[in-house]
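Student: Have a look; sequence and predicted model below, questions after that.
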Amino acid sequence: MIPTKMDTMTLRLMLGGLKSYFPVLHAGYRGAVGHTTGAYCYSVWMRHLSIIMRAVPTFAPRVVVELGPGDSLGLGCAALLSVADQYIGLDVVEHADPDRDLKVLDELVDLFEHHAPIPDERVFPNLEPKLQSYRFPNRLFTDDGPRRIRLDPTRLDAIRAALVERQGVLYDNMPIGYTAPWGPRTLDRQSVDLVITQAALQDIGHEPAKSELAGAFQAMSRWLKKGGVMSHQINFAFPGYPEWNHHWRYSDAAWRLVRGHRPFFENRVSLSTYLALCEENDFEVVSVKRVEKDGIPREKAAPRFQDLPEQDFRTSSAHIVAVRR
């Protein structure tokens with residue numbers, strides 16, 4: 001099924017998908033770049049960390065992996081300044097710019113040095129997950145504990161060098177690793193403490209015949225140590241229409257045309273599927289923060305969505321924390 005009214009947005013989406021099948025037209029596709037700031041990375045990291053610590057109070061990750069860092073490794077820099085020994089960014093297409101990341105790092109150092117409040121909805125009105133308080137979480141950090149702010153010159157020099165000299169090979173003695181594309185065996189089994197994503201999982205393909213999303217959950221289960229944590233902010237909405245789930249009107253065949261051969265694009269997977277993937281891959285879900293919005297009614301959705309739980313039809317985004325059993 002294709003929406004009965006072939007509006008401008010539908011036409012643009014389908015033309016974009018068609019274009020992706022022609023390498024000459026699609027060569028060098030990198031997605032949007034150049035918009036990330038230190039304040040944004042600080043806000044995302046501190047929001048995730050605050051929610052994780054409420055669900056798993058003793059958690060102190062040493063090795064942090066981010067799937068889909070996009071145009072900046074800034075979230076990883078924030079992790080390295082506050083808790084982690086090593087950060088590894090894994091992406092489908094190489095986006096990150098070392099020169100920009102050096103500027104982001106300097107901004108992060110200033111924010112941590114001043115114990116700055118977490119930027120809230122006045123600064124980033126659409127950023128999820130939301131917090132009850134945006135004060136700097138002093139309770140999370142101690143001078144001599146497993147979670148501490150690390151701004152000494154030696155540490156900062158090592159991070160700067162790793163940003164500039166980063167390679168596709170991951171080394172245990174380097175604070176930053178970055179590689180694209182990645183696979184399930186890119187990282188060793190049970191070598192990771194935390195896997196984090198921010199609005200990335202919804203762009204990983206998920207079809208009945210082949211699900212890269214299911215493969216990603218299997219990989220995360222393989223990489224994480226027992227007791228390791230994954231923290232995912234997932235956006236189920238698609239822009240362009242008043243209803244957040246208007247893209248559920250398309251049949252699978254029509255959406256395959258829209259998605260085309262793009263390396264990342266909205267997969268239309270709902271909350272219940274993500275929770276099921278957690279269970280199937282030996283994760284215990286310990287926290288779910290849902291954002292509810294009105295969308296299209298069930299009867300206007302394509303057949304594949306007709307039998308979804310009512311909660312899925314009301315959930316436009318969610319933050320999930322899960323622990324590896």
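Tutor: Done, it's in.

Student: alpha carbons only for contacts and neighbour counts from here, please
Tutor: Noted.

Student: Mind jotting down where the helices sit in the stretch 151-300 of the chain?
Tutor: Secondary structure of the stretch 151-300 of the chain by DSSP state H, counting those that start in this stretch: the helices cover 153-165, 212-223, 252-259, 271-280.

Student: if you average pLDDT over each of those, which comes out lowest?
Tutor: The minimum mean pLDDT among these belongs to helix 252-259 (a mean of 87).

Student: buried stuff in stretch 193-210?
Tutor: 193-206 (16 or more other Cα atoms under 10 Å).

Student: count of residues packed around Arg185?
Tutor: Using other Cα atoms under 10 Å, Arg185 has 10 neighbouring residues.

Student: Just give the nearest non-adjacent residue to it, would you?
Tutor: Leaving aside its chain neighbours, Arg185 sits nearest to Ala219 (7.6 Å; criterion: Cα to Cα, 6 or more residues apart in numbering).

Student: what does stretch 166-183 rub up against?
Tutor: 76, 80, 85-94, 158-159, 162-163, 219 (Cα atoms under 8 Å, 6 or more residues apart in numbering).

Student: neighbours around the residue nearest to Arg185, how many?
Tutor: Neighbour tally, Ala219, other Cα under 10 Å: 19.

Student: quick one: it and Asp307, what's the gap?
Tutor: 28 Å (Cα to Cα, to the nearest Å).

Student: same thing with Phe238?
Tutor: Counting by Cα to Cα, the gap from Phe238 to Asp307 is 20 Å.

Student: if you count what's nearby, which of the two comes out ahead?
Tutor: Phe238 (16 against 9).

Student: residues touching the closest residue to the more buried one other than its chain neighbours, list them.
Tutor: Once flanking residues are discounted, Phe238 sits nearest to Trp244: 5.9 Å by Cα to Cα, 6+ apart. Counting by Cα under 8 Å, 6+ apart, Trp244 makes contact with Phe236, Ala237, Phe238, Lys293, Asp294, Gly295, Ile296, Ser316.

Student: do the same with Lys130
Tutor: Arg47, Asp120.

Student: In a strand, it, correct?
Tutor: No - counting by DSSP: H, G, I helix; E, B strand; the rest coil, Lys130 falls outside a strand, being coil.

Student: So it versus His48, what's the distance?
Tutor: 10 Å.

Student: Excluding residues flanking it in the chain, which one is nearest Cys41?
Tutor: Leu75 (4.8 Å).

Student: which ones are touching that neighbour?
Tutor: Cys41, Tyr42, Val44, Trp45, Pro69 are the contacts of Leu75 under Cα under 8 Å, 6+ apart.

Student: Need the nearest residue in space to the second one, chain neighbours excluded.
Tutor: Going back to what we said before, that points to Tyr42. Ala78 (6.1 Å).

Student: Would you agree the one you found is in contact with Glu107?
Tutor: No - the criterion here is Cα atoms under 8 Å, and Ala78 misses it with Glu107 at 10.1 Å.

Student: Quick one, grab the pLDDT at the closest residue in space to Gly228 that isn't next to it in sequence.
Tutor: Sequence neighbours aside, Asp193 is the residue nearest to Gly228 in space, at 4.7 Å (criterion: Cα to Cα, 6+ apart). At Asp193, the model reports a pLDDT of 99.

Student: Surely Asp193 touches Phe59?
Tutor: No - contact criterion Cα under 8 Å: Asp193 and Phe59 do not qualify, at 9.0 Å.

Student: Buried residues, the biggest helix by length in the chain. List them.
Tutor: The residue-count maximum for a helix in the chain (DSSP state H) belongs to helix 38-55. For helix 38-55, a neighbour-count test (16+ other Cα under 10 Å) marks 38-52, 55 as buried.

Student: got the contact list for the longest strand anywhere in the chain?
Tutor: Counting residues, the longest strand found in the chain (DSSP state E) is strand 224-235. Contacts of strand 224-235 with the rest of the structure, by Cα under 8 Å, 6+ apart, involve 48, 52, 128-129, 189-202, 316-325.

Student: In the protein, mark out all the strands, start to finish.
Tutor: 63-67, 86-90, 176-179, 192-198, 224-235, 283-292, 315-324.

Student: Fine by me, we can end here.
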